[in-house]
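J.: Just need the structure, nothing else, for what follows:
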Amino acid sequence: MLTARAWNLFAVVRLLLCVAACFVCGSLLAAMLHHVALGREEDLRLYRMMKAALGCLAISFLFAYRPWTPDNWIFRLIVSVVLFYAGFAFGVLAQPHSAEALKPSISFMVVAALSLQGATLILIPHFLQEQRLTWHEAFGFRHDRRRAFILGIIVACVFLPIGMGLQWLSAQVMLHLPQLHLQPQEQESVQTLEMAVTWFNRLALGAITVVLAPAAEEMLFRGILYPAIKQAGFPRLACWGTALLFAAVHQNLVTFVPLTVLALALIWLYERTDNLWAPITAHAMFNAMNFVILYSTLGPPTRIK
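T.: A predicted model of the protein is given here:
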């Protein structure tokens, strides 16, 4: 059974706002890199929109990063949310000019990972420090670590064929129900991985896929969001809500069902072991096995000249 964590709901909301602002900023910067790489002429409107977007997002981040009190939390929440959506809107207006037909790329995936998972790992220590919690108190890292690692590996190995089967089934449903007007597509991250043909690119993407993403996503979804919502008195919403959100952020319909089921399995692991190392291990192993399977079909990388 998972030990109760006394998360401050204000702090959780602030953390989510900060992570969201970082991710949108990263996406805008990636779009700018794409624009520059295409060698397009200078577009003053684009740069003005980007400056406005980044400015709004930066101020939104500052309002969310600083501690809230019972007296100012409503004002700070409103200002932070309004500025976040203003920055998002300016970014959307700039997108057709900056990244028309933006395709997945290795640089985009790296920037996106650093701005989302990387920002999450950077912000969590401050989040814990504010609440005067150690890593063990927050995530149970010392609770029977051997059992946590073993269970994590077992769950990953058992779920791999199940996940592949659910993904295949989802694709078949889309293909055989044309009235849905849905076309199965690979995840952008998978398309990006397929582009990596050198050892350096594959090792960099491997580190993101197997180390960075599992650690950050498990701390955020299973380690913080799930227990926070559960302890607020909504255990079913905590379970299903975080599982569906986890699947949704990967932005792919084919993998939505398998990732939802995976999230439920990871929640079960956390509840069973009371140690976040278990879902982190399972998530990392699952990604690693998919990583190896993908590159075993693509062949060896080329040498860097």
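
J.: Could you give me the buried positions within stretch 110-119?
T.: 110-119 (16 or more other C-beta atoms under 10 Å). Bear in mind the C-beta positions are built from the backbone N, C-alpha and C, glycine included.

J.: oh, I was asking about stretch 141-161
T.: 143, 148-149, 151-152, 155-156, 159-160.

J.: Ok, stretch 121-128 next?
T.: 123-124, 127-128.

J.: can the residues you listed go into a markdown table with extra columns for secondary structure, pLDDT and distance to Leu237?
T.: As requested, these are exported to a markdown table (DSSP: H, G, I helix; E, B strand; the rest coil; pLDDT from 0 to 100; distance: C-beta to C-beta, whole Å):
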| residue | secondary structure | pLDDT | distance to Leu237 |
| --- | --- | --- | --- |
| Leu123 | helix | 95 | 24 |
| Ile124 | helix | 95 | 23 |
| Phe127 | helix | 93 | 22 |
| Leu128 | helix | 92 | 24 |
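
J.: between the residues you listed, which is nearest Leu29?
T.: Leu123 (17.8 Å; C-beta to C-beta).

J.: Was I right to think that closest one contacts Leu15?
T.: Yes. Leu123 is within contact range of Leu15, at 6.1 Å (criterion: C-beta atoms under 8 Å).

J.: Which strands or helices does the lowest-mean-pLDDT helix or strand in the chain pack on?
T.: Here the helix or strand of the chain ranked lowest by mean pLDDT, DSSP states H and E is helix 188-195, holding a mean of 70. If you count contacts as 3 or more C-beta pairs under 8 Å, 6 or more residues apart in numbering; DSSP states H and E, helix 188-195 packs onto helix 106-113, helix 199-207, helix 277-298.

J.: Quick check, pLDDT for Leu28.
T.: With respect to pLDDT, Leu28 scores 84.

J.: swap that for Pro300, please
T.: 65.

J.: In this structure, which helix is the longest?
T.: In the chain, assigned by DSSP state H, the helix with the most residues is helix 145-176.

J.: that older thread, tabulate the helices and strands packed on helix 188-195 in JSON lines, adding columns for distance to Thr192.
T.: Formatted as JSON lines, the helices and strands packed on helix 188-195 follow (distance: least, C-beta to C-beta, whole Å):
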{"stretch": "helix 106-113", "distance to Thr192": "4"}
{"stretch": "helix 199-207", "distance to Thr192": "7"}
{"stretch": "helix 277-298", "distance to Thr192": "11"}
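
J.: mind checking which of those is nearest Trp7?
T.: Of all those, helix 277-298 comes closest under C-beta to C-beta, at 17.2 Å.

J.: Pop the domain breakdown of the chain in here.
T.: 1-133, 139-305 (automatic domain parsing).

J.: among these, which gets the worst mean confidence?
T.: domain 1-133 (a mean of 83).

J.: distance between that one and the chain's centre?
T.: How far domain 1-133 lies from its chain's middle: 13 Å, per C-alpha atoms, centre = their mean, to the nearest Å.

J.: how long is it from one end to the other?
T.: Start and end residues of domain 1-133 are separated by 20 Å (C-alpha to C-alpha, to the nearest Å).

J.: Hmm, Trp7 is touching Pro227, no?
T.: Yes. Between Trp7 and Pro227 there is a contact at 6.4 Å, judged by C-beta under 8 Å.

J.: quick revisit: and of the buried residues of stretch 141-161, the nearest to Leu244?
T.: Using C-beta to C-beta, the buried residues of stretch 141-161 come closest to Leu244 at Phe159, 17.5 Å.

J.: From Asn287, how far off is the closest one?
T.: 12 Å (C-beta to C-beta, to the nearest Å).

J.: Same question for Phe256.
T.: 17 Å.

J.: Show me which of these two is the more surrounded one.
T.: The neighbour comparison of Phe256 against Asn287 (other C-beta atoms under 10 Å) goes to Asn287, with 20 against 17.

J.: which residues touch the more buried one?
T.: In this structure, Asn287 makes contact with 209-210, 213-214, judged by C-beta atoms under 8 Å, 6 or more residues apart in numbering.

J.: Go through these and flag which are in helices.
T.: 213-214.

J.: In CSV, list the contacts of Asn287 along with neighbour count and distance to Ala238.
T.: Shown next, in CSV, are the contacts of Asn287 (neighbours: other C-beta atoms under 10 Å; distance: C-beta to C-beta, whole Å):
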residue, neighbour count, distance to Ala238
Thr209, 22, 27
Val210, 20, 27
Ala213, 20, 22
Pro214, 24, 20
